[in-house]
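Novice: Sharing a sequence plus its predicted fold:
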Amino acid sequence: PRKITVGGAQLGPIQRAESRTDVVRRLIDLLEKAHRRGCSLVVFPELALTTFFPRWYADDIAEMDVYFEREMPSAETQPLFDRARELGVGFYLGYAELDDQGGTLHRYNTAVLVDQTGSIVGKYRKVHLPGHKEFDDSLTRQHLEKRYFEPGDLGFPVWRSMDGVMGMCICNDRRWPETWRSLGMRGVELVMLGYNTPTGNQHGGMEPPHQRMFHNHLSIQAGAYQNATWAVAVAKAGVEDGHELMGGSCIVSPQGEIVALASTVEDELIVADCDLDLCNFGKSTIFNFAAHRRPEHYKIITEQ
Ligand code: CDT
């Protein structure tokens, strides 16, 4: 069996005033704990270095550039890369990326995959950006990802790394079957994703918290099952700058079952031994795409 012990490193809240250096210390603590528990891969949340700043409105989007990384690793994040290399632990890390293309700035909600030698092997930029672009006073709270980020321009690649076929997506992407199927079509065996999901709906009165947690797990479990892949989904959780984010970080098997689940809304490590060969069953039977898909009937999905 191709067994990889994976850690989901849920983070409790990161307050607006918390420095990158303090956050990186927390990430390293979780990484070390994961190493002690036998993990060779650790998944951190979306935007894991800062508060979830898209809840705040700024007239000038450049005011939010303090929350973005101009390089990865940077002086502040290098210690995480160094420790990971020393321990031989790979990781997924979500962060806000400021990409300077010859003086034109592009902003993305990004994740990187770092292998056990501390090298970046892959980068993903979030495709499905939820929320809105302008301040909306009909909402109980703002979710301004469409204001601060451009949609990702890298598609849904996979990487052959750590003895498996690795894929990434970010938060809202998990709710879209197209995300999972695009990765599934490339043979993905382990999907990593971080999330920041408010406990309450912004449209006042709709969707109580228990339904929102249900939809979180429903999306991940369905995506994993229907594409016969492991999924490691990791929250930033708890009350951040007065706003509550859900926990519920989980590791899901290719059968769609939750095999590890976080029980707090704080920094918490969940662990599972993921046998990547378990993907073979679904991929060769009910979800054998070559045998059973009927793409001639799916054109509406990409034509609109
Ligand atoms: N970070 C992120 O993508 N959060 C969204 C919240 C949507 S509410 C506008 C999510 O899908 O969990």
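Specialist: In hand now; what should we look at?
Novice: neighbours around Asn227, how many?
Specialist: Asn227 has 29 neighbouring residues, counting by other C-beta atoms under 10 Å. Using the backbone N, CA and C atoms, a C-beta is placed for each residue, glycine as well.
Novice: Can you give me the pLDDT of Gln304?
Specialist: pLDDT for Gln304: 80.
Novice: what do you get for Met206?
Specialist: At Met206, the pLDDT value in this model is 85.
Novice: for it, what are its contacts?
Specialist: Neighbour list for Met206: empty [criterion: C-beta atoms under 8 Å, 6 or more residues apart in numbering].
Novice: Check Met185 too.
Specialist: The neighbours of Met185, taking C-beta under 8 Å, 6+ apart as the test, are Phe289.
Novice: Repeat the analysis, applying 10 Å as the threshold.
Specialist: Contacts for Met185 (C-beta atoms under 10 Å, 6 or more residues apart in numbering) come out as Phe156, Val158, Asn227, Phe289, Arg293, Pro295.
Novice: Just the buried ones out of those, please.
Specialist: Buried members of the contacts of Met185, scored by 16 or more other C-beta atoms under 10 Å, are Phe156, Val158, Asn227.
Novice: Regarding the last one, what are the backbone dihedral angles?
Specialist: What it means is Asn227. phi -120, psi 10 (degrees, to the nearest 10).
Novice: How about it: what's its closest non-neighbour residue?
Specialist: Spatial nearest neighbour of Asn227, excluding adjacent residues (C-beta to C-beta, 6 or more residues apart in numbering): Gly184 at 3.1 Å.
Novice: Beyond the helix or strand containing the one you found, next helix or strand please.
Specialist: In this assignment (DSSP states H and E), Gly184 forms part of helix 177-185. Of the helices and strands lying after helix 177-185 in sequence (DSSP H and E), the nearest is strand 190-195.
Novice: Can you get me a residue count around Leu183?
Specialist: For Leu183, the number of neighbouring residues by other C-beta under 10 Å comes to 26.
Novice: quick one on the thing from earlier: name the nearest of the contacts of Met185 relative to Leu87.
Specialist: The shortest gap between Leu87 and any of those belongs to Val158, at 24.8 Å (C-beta to C-beta).
Novice: Could I get the average pLDDT for stretch 126-136?
Specialist: Stretch 126-136 comes out with an average pLDDT of 97.
Novice: any residue of that stretch up close to the ligand?
Specialist: Yes: against the ligand, stretch 126-136 shows contacts by C-beta under 6 Å from any ligand atom at Pro130, Gly131.
Novice: which of the residues in that stretch are buried?
Specialist: Lys126, Val127, His128, Leu129, Pro130, Gly131, His132.
Novice: How is the last one assigned, secondary-structure-wise?
Specialist: What that stands for is His132. coil (DSSP: H, G, I helix; E, B strand; the rest coil).
Novice: With the flanking residues excluded, which residue is spatially nearest to it?
Specialist: Lys146 (5.6 Å).
Novice: thought the one you found was touching Arg107?
Specialist: No: counting by C-beta atoms under 10 Å, Lys146 stays clear of Arg107, with 11.3 Å between them.
Novice: okay, these two: which has more neighbours?
Specialist: Legend: neighbour count by other C-beta under 10 Å for Lys146 and Arg107, higher for Arg107 (20 against 15).
Novice: circling back to that earlier point, the helix holding Gly184 - what's its average pLDDT?
Specialist: Helix 177-185 shows a mean pLDDT of 98.
Novice: Do that helix and the ligand come into contact?
Specialist: No: Helix 177-185 is not in contact with the ligand by C-beta under 6 Å from any ligand atom; minimum separation 11.5 Å.
Novice: Can I get that helix as CSV, trimmed to CA atoms?
Specialist: Extracted C-alpha coordinates of helix 177-185, given in CSV (Å, rounded to 0.1, in the frame of the first residue of the first chain):
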residue,chain,number,x,y,z
PRO,A,177,-18.6,19.5,-8.5
GLU,A,178,-16.7,20.9,-11.5
THR,A,179,-13.7,21.4,-9.2
TRP,A,180,-13.6,17.8,-8.0
ARG,A,181,-14.3,16.4,-11.5
SER,A,182,-11.6,18.5,-13.1
LEU,A,183,-9.1,17.0,-10.5
GLY,A,184,-10.7,13.6,-10.8
MET,A,185,-10.2,13.6,-14.6
